[in-house]
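[1] Sequence first, then the predicted structure:
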Amino acid sequence: MSPFDKIALFIDGPNLHATARALGFEIDYKRLLGEFQSRGTLQRAFYYTPIIEDQEYLAVRPLLDWLDYNGYAVVTKPTKEFVDACGRRKVKANMDIELAVDAMVIAERVDQIILFSGDGDFRSLVEAVQRRGVRVTVVSTIASQPVMIADELRRQADEFIDLAELKLTLGREPSERLGSTLSAGKRRESASAE
């Protein structure tokens with residue numbers, strides 16, 4: 001990756017979350033943005049996630065708001081609910097098409113796309129973008145059991161970065177989150193005691 005490369009990030013939110021969790025850490029999205037801004041000229045950072053609209057409180061909402069205010073283009077889509085042939089209630093939540101369309105549109109303006117996903121369905125997208133002369137780096141992991149990346153996607157990519165190698169750079173340990181929560185709680189207790 002050249003520091004002069006124009007790059008775009010495409011983050012499959014649920015997939016990245018599951019991969020980081022399998023490796024035992026949480027992603028610090030501020031660090032993630034900073035890391036890839038240092039690797040080239042960042043044109044866009046997209047974050048894709050489905051949302052369940054009928055819930056009063058969405059656990060992911062604070063993250064989405066933070067991302068939206070801090071340099072990410074957040075793309076959401078409501079989940080679809082249906083009943084399968086056995087009468088079981090199912091929820092469909094797939095953002096592959098939205099991510100693929102955005103990647104094809106931006107491909108003419110960037111030198112490299114960084115895809116944070118291990119979903120094998122993206123192999124065809126990676127191949128199509130490469131035909132346009134864009135290099136593709138895929139970020140996922142082979143360090144977990146089971147591995148979180150489809151072999152065909154890893155082989156198609158120009159470069160594969162194992163998320164395990166970025167743990168120290170991008171990770172926020174659960175103890176950091178707990179520590180900040182405890183510190184905030186102690187500050188509130190101190191303020192109310194005064």
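    Alright, I've got the coordinates. This is a predicted model, so every value here is computed, not measured.
[2] all strands for this protein, in order.
    6-12, 26-27, 41-51, 73-78, 80-83, 89-92, 112-116, 135-140, 159-162, 171-172 (DSSP state E).
[3] how about these in a markdown table, adding mean neighbour count and distance to residue 98?
    C-beta: built from backbone N, CA, C; applies to glycine. Formatted as a markdown table, the entries for the strands of the chain read as follows, by neighbours: other CB atoms under 10 Å; distance: least, CB to CB, whole Å:
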| stretch | mean neighbour count | distance to residue 98 |
| --- | --- | --- |
| strand 6-12 | 23 | 10 |
| strand 26-27 | 19 | 20 |
| strand 41-51 | 19 | 6 |
| strand 73-78 | 16 | 6 |
| strand 80-83 | 10 | 14 |
| strand 89-92 | 10 | 14 |
| strand 112-116 | 25 | 14 |
| strand 135-140 | 24 | 18 |
| strand 159-162 | 16 | 23 |
| strand 171-172 | 18 | 27 |
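[4] Which of those has the lowest mean pLDDT?
    The stretch with the lowest mean pLDDT among the strands of the chain is strand 89-92, which comes in at a mean of 77.
[5] Residues contacting that one, please?
    Counting by CB atoms under 8 Å, 6 or more residues apart in numbering, the neighbours of strand 89-92 from elsewhere in the structure are 52, 79, 80, 81, 82, 83, 84.
[6] Which of those sits closest to residue 66?
    Proximity of these to residue 66, judged by CB to CB, is greatest for residue 52, which lies at 19.1 Å.
[7] Let me know how buried the closest one is, in neighbour terms.
    Burial measure for residue 52: 13 neighbouring residues, criterion other CB atoms under 10 Å.
[8] Residue 80 is in contact with that one, correct?
    No - between residue 52 and residue 80 no contact is recorded; they are 10.2 Å apart, counting by CB atoms under 8 Å.
[9] which residues sit against stretch 96-112?
    Applying CB under 8 Å, 6+ apart, the set of residues contacting stretch 96-112 from outside is 1-2, 5-8, 10, 12, 40, 43-44, 46, 48, 75, 77, 113, 115, 119, 121-122, 125, 128-129, 132, 134-137.
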